[in-house]
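1. here are the coordinates; sequence isn't available:
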């Protein structure tokens, strides 16, 4: 059933809106059945983002709770941030946890990559599992102190009941990490 | 540890970019510690989106594979779409599966809601579990036929190995549905 389909041809691409952070592109597409359509999508200016699952011990992940301007409320989830120009995925993950939770990691593993809304965003977020943590704080650009909450992976169900835990990337990542670390009897 | 923090005050909001689909707003914020910052965020023009887990039977979910302009490739995930002006969450979910997979549902349940990137997007997606399906197709606005793939919830691990299954919302949703429907022995 999963045949290789022919991707639509891109006849034209142009920027239709731009701000400091965002760039919107319009694409004129022709699907293989001859249908023409115009789509808008958000371009990812940078090199993508990392979402990190920092393990305080074999069963406990460190979550952060910080103000999120998009939803205008405090959100509970995994540490995350953009990959800088000179970094690879694991280096970005290590820097982000030093800035956001005050730990570095001696064992970083890239577990997979997420799209956010592939229909209209090109953004990719890479999930990194961070183990063997050691205390090491590096100043970041956060406007206020970030609250850090240890959470047992076995209590994921209780976390999902909290209204401030809503981010799809963090939720998907926590399930994937639980699956990997908590062996079923 | 999870104290109620004082949200930053919003001193100013203005639209800095706009296209047919997107609106970017700049907010001037003052955090409770006195730090000022300017944030850009993407406004959600509509009423949010639905992501639907349509169950063909107790163990099998119906996935779709369709072209995604944001990532410019075919993506495998759950059916989804915007909530129209006259719809509630469950009605939107029922319409979307009629359009995308050719089934209606006699048992729709709202399982939770996701944010996508709460730091810079206001968007919310509501997860709806659709059970007791019946065949009923309604024409949608898709530019080409959508491929439908039945997938056993027990095979979620194998799904995550596929490169075309990347969307964080779909992955989080499938874990949540599996948790709910597949009782552990």
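-> Thanks, I have the structure now. This one's a predicted model, so the numbers in the text were calculated from it and none came from an experiment. Numbering: from 1, shown residues only, chains lettered A, B, ... in the order given.
2. where in chain A is pLDDT low?
-> With pLDDT under 70 as the threshold, chain A has low-confidence stretches at A:1-3, A:184-185.
3. Recalculate using a threshold of 50.
-> Applying pLDDT under 50 to chain A flags the ranges A:1, A:185.
4. can you list the domain ranges for chain A.
-> A:9-43, A:49-181 (automatic domain parsing).
5. if I read this right, residue A:160 contacts residue B:111, doesn't it?
-> No. Using C-beta atoms under 8 Å, residue A:160 is not in contact with residue B:111; the gap is 9.5 Å. In short, each C-beta sits where N, CA and C put it, glycine included.
6. any common contacting residues for those two?
-> residue B:176 (C-beta atoms under 8 Å, 6 or more residues apart in numbering or on different chains).
7. Most remote residue from the middle of chain A, which is it?
-> residue A:34 (35.7 Å; C-alpha atoms, centre = their mean).
8. for it, what are its contacts?
-> No contacts exist for residue A:34 under C-beta under 8 Å, 6+ apart.
9. So it, which state does it fall into?
-> Under DSSP: H, G, I helix; E, B strand; the rest coil, the three-state class of residue A:34 is coil.
10. now it: how far from residue A:9?
-> 11 Å (C-beta to C-beta, to the nearest Å).
11. circling back: out of the domains of chain A, deepest packed?
-> For those, average neighbour numbers computed from mean count of other C-beta atoms under 10 Å in any protein chain shown are highest in domain A:49-181, which has a mean of 19.
12. Report the separation between the residue nearest to residue A:48 when sequence neighbours are not counted and residue B:162.
-> Leaving aside its sequence neighbours, residue A:48 sits nearest to residue A:124 (C-beta to C-beta, 6 or more residues apart in numbering or on different chains; 4.3 Å). Residue A:124 sits 16 Å away from residue B:162, going by C-beta to C-beta.
13. Wait, the residue nearest to residue A:48 touches residue A:114, no?
-> Yes. Contact criterion C-beta under 8 Å: residue A:124 and residue A:114 qualify, at 7.0 Å.
14. Where do the strands of chain A begin and end?
-> A:9-18, A:23-30, A:36-43, A:49-57, A:60-68, A:73-77, A:80-82, A:103-115, A:124-135, A:147-152 (DSSP state E).
15. So which of those is nearest residue A:141?
-> strand A:80-82 (9.4 Å; C-beta to C-beta).
16. What are the contacting residues of the closest one?
-> With C-beta under 8 Å, 6+ apart, strand A:80-82 has contacts from A:46-52, A:92, A:95-96, A:99-100, A:125, A:169-170.
17. quick one: which of those is nearest to chain B?
-> Nearest to chain B among the contacts of strand A:80-82 is residue A:169, at 4.4 Å by C-beta to the nearest C-beta.
18. which residues touch the closest one?
-> Counting by C-beta under 8 Å, 6+ apart, residue A:169 has contacts A:51, A:77-78, A:80, A:114, A:116, A:125, A:127, B:116-117, B:168, B:172.
19. For it, which non-adjacent residue is spatially closest?
-> Among residues not flanking residue A:169 along the chain, residue B:168 sits closest, at 4.4 Å (C-beta to C-beta, 6+ apart).
20. how close does that neighbour sit to residue A:7?
-> Applying C-beta to C-beta to residue B:168 and residue A:7 gives a distance of 23 Å.
21. which one of the contacts of residue A:169 is nearest residue B:39?
-> residue B:117 (12.5 Å).
22. For the closest one, which residues are in contact?
-> If you count contacts by C-beta under 8 Å, 6+ apart, residue B:117 has them with A:70, A:116, A:123, A:167, A:169.
23. residues touching the residue nearest to the fourth one when sequence neighbours are not counted, list them.
-> Put plainly, it is residue A:167. In this structure, residue A:167 finds its nearest non-sequential neighbour in residue A:77, 4.5 Å apart by C-beta to C-beta, 6+ apart. Counting by C-beta under 8 Å, 6+ apart, residue A:77 touches A:63-64, A:165, A:167, A:169-170, B:118.
24. Now distance to residue B:179 too, for those residues, in TSV please.
-> Formatted as TSV, the contacts of residue A:77 follow (distance: C-beta to C-beta, whole Å):
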residue	distance to residue B:179
A:63	19
A:64	24
A:165	15
A:167	18
A:169	18
A:170	16
B:118	23
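25. between the residues you listed, which is closest to residue B:143?
-> Residue B:143 lies nearest to residue A:169 out of the contacts of residue A:77, by C-beta to C-beta, at 28.0 Å.
26. Going by distance to residue B:24, which of the contacts of strand A:80-82 wins?
-> The nearest one, if we look at the contacts of strand A:80-82 relative to residue B:24 and count by C-beta to C-beta, is residue A:46, at 16.3 Å.
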